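**Q** just to be clear, the model below is a prediction. Sequence and coordinates:
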Amino acid sequence: MNNLRVAITGAAGNLGGLLAQGMKNSNVNLNLLIHRKNVAQDLLNKDNITVFKTDLADKNTLYDALHDVDVIVHFAGVLFKANPEKFLPKTNTTYFNNLLEVAVLQKVKRVILISFPHVEGECTPDNPAHGSLDGKPESMHARTRLEEEKLLFKYASQYGFEGVSLRVGMVYGKGILMIDAGQWFARHWLLGIWKKPTAIHLISKTDFVNATIAAVEKPNINGIYHIGDEGVQSLQQFLDDITVYKGNHKPWCMPVWMIMTAARGFEIFSWIFNTRSPLTVDFVKIGMVSYYGDTKRMREELLPKLKYKTYKDGIKLF
C-alpha cells in the first residue's frame, strides 16, 4: 500500500525508533512523534519523514501530527522510572485516551497498539494466550496495558476504525534496552535470576519489525495478534545462552527477596536523583510470570515466514 501516512508515537524510543529505521526507505510517509528526545540523525533529512514534538498529556499538540494520517503505531510510554503504580494509570491509559480522541477527529483508519502477552496473566507453551481481554494480571504494567487494549477496541467499535493490538513477546538483539542492560550486568557479574523456570516467548528484532510493517500495510488487519517465534525456552535458558555467546558471566541464581531488594534500591535511587531505574519491583513481578502466545493469526495474516525461527537461529543479532 503506497502513499500511506503512518504516525509512530515514541519514535525516539527503543522499539519506536527500530520501526522507524525499518520503514525509512519505504514508499510510506512517516510522522514521527517525539516528546523530549529527538530521533536518530539519519531520520532527520529524509523527504518522507516529518518529526513532530508532541505531548500526549496535551491533546492540542497532537492535531497537526495526526493530520491526514492513515495508521498510528503507538509505542510511547514511561518504563524505567520509580513508583510505576503512581504514573502508569496516567501515562498508559489517560494519555492513550487523548491519542484516540484526536485520532477519531482526524479520521485515522487504523490504530495499532504495541502490547504484550502478559495482559492475559500466566500463559505457557502448553496453555498459550489466545487473545482474551478477560485477563487478571498482577503487575501494574500489564494491568494498565490491558486497560489500553480495552480502550482501543471500545473506540474502534464506536467510531469504525481498525483497532489492532500486537501482543509482542520479548524482542531480542543488540540495541534492545532490556537486553543490553542485562548484558551490562552480566559483564560485571551482577546479573541475577530466580530459580523457578519462567517460560518466555521471543521474537527477533528483524521479525518484530517485519510483522509490525505487515500490520501497518496489509488490508483488513484488526483485532489481537500474538507476535512471537517458534522457540520454546525459559528465561533462565535464554539468559544463560546469550551471556555465554557474548563471553559474559552466566546469571547468578538468587532468592527472590534479594532481587526485590535490589529493585527497591534502584527505585529509591531513581526517585531521589530523578534518573532512570533499570529495575523496579513491578518489572520483577511481570518478569516472573510465564508468557507465551498463540501466533496462528500472525502466521496466517502478517508474517507467514520468520527469518529467525528461534533465538538460537538469531543469536548472531547479539
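**A** Happy to help now that I have it. Just so it is clear, the model here is predicted, and its values are computed rather than measured. Residues are numbered from 1 along each chain as shown.
**Q** what about the nearest residue to S157 once chain neighbours are set aside, which SS state?
**A** Sequence neighbours aside, G163 is the residue nearest to S157 in space, at 7.7 Å (criterion: CB to CB, 6 or more residues apart in numbering). C-beta: built from backbone N, CA, C; applies to glycine. Secondary structure assignment for G163 (DSSP: H, G, I helix; E, B strand; the rest coil): strand.
**Q** G163 against L151, yeah?
**A** No - under the criterion of CB atoms under 8 Å, G163 is not in contact with L151, lying 9.3 Å apart.
**Q** higher neighbour count, these two?
**A** With neighbours defined as other CB atoms under 10 Å, G163 and L151 compare such that G163 has more, 22 against 19.
**Q** any idea what the residue sitting nearest the centre point of the chain is bridged to?
**A** Per CA atoms, centre = their mean, the C-alpha nearest to the average position across the chain is that of I114, at 5.2 Å. Following DSSP bridges, I114 is listed with bridge partners L166.
**Q** quick one: residues contacting the residue nearest to S157.
**A** R110, V111, L113, L152, F153, Y155, A156, S157, N222, G223 (CB atoms under 8 Å, 6 or more residues apart in numbering).
**Q** show me just the buried residues among those residues.
**A** Of all those considered here, the ones buried according to neighbour count by 16 or more other CB atoms under 10 Å are R110, V111, L113, L152, F153, Y155, A156, N222.
**Q** ok, of the residues you listed, which one's closest to V256?
**A** Here the nearest of the buried ones among the contacts of G163 to V256, counting by CB to CB, is L113; it sits at 30.8 Å.
**Q** wait, that closest one touches H74, no?
**A** Yes - with contacts counted by CB under 8 Å, L113 reaches H74, the gap being 5.1 Å.
**Q** and N220, what does it touch?
**A** Under the criterion of CB under 8 Å, 6+ apart, the neighbours of N220 are E162.
**Q** got phi/psi on it?
**A** Note on N220: backbone dihedrals following degrees, to the nearest 10 are phi 60, psi 40.
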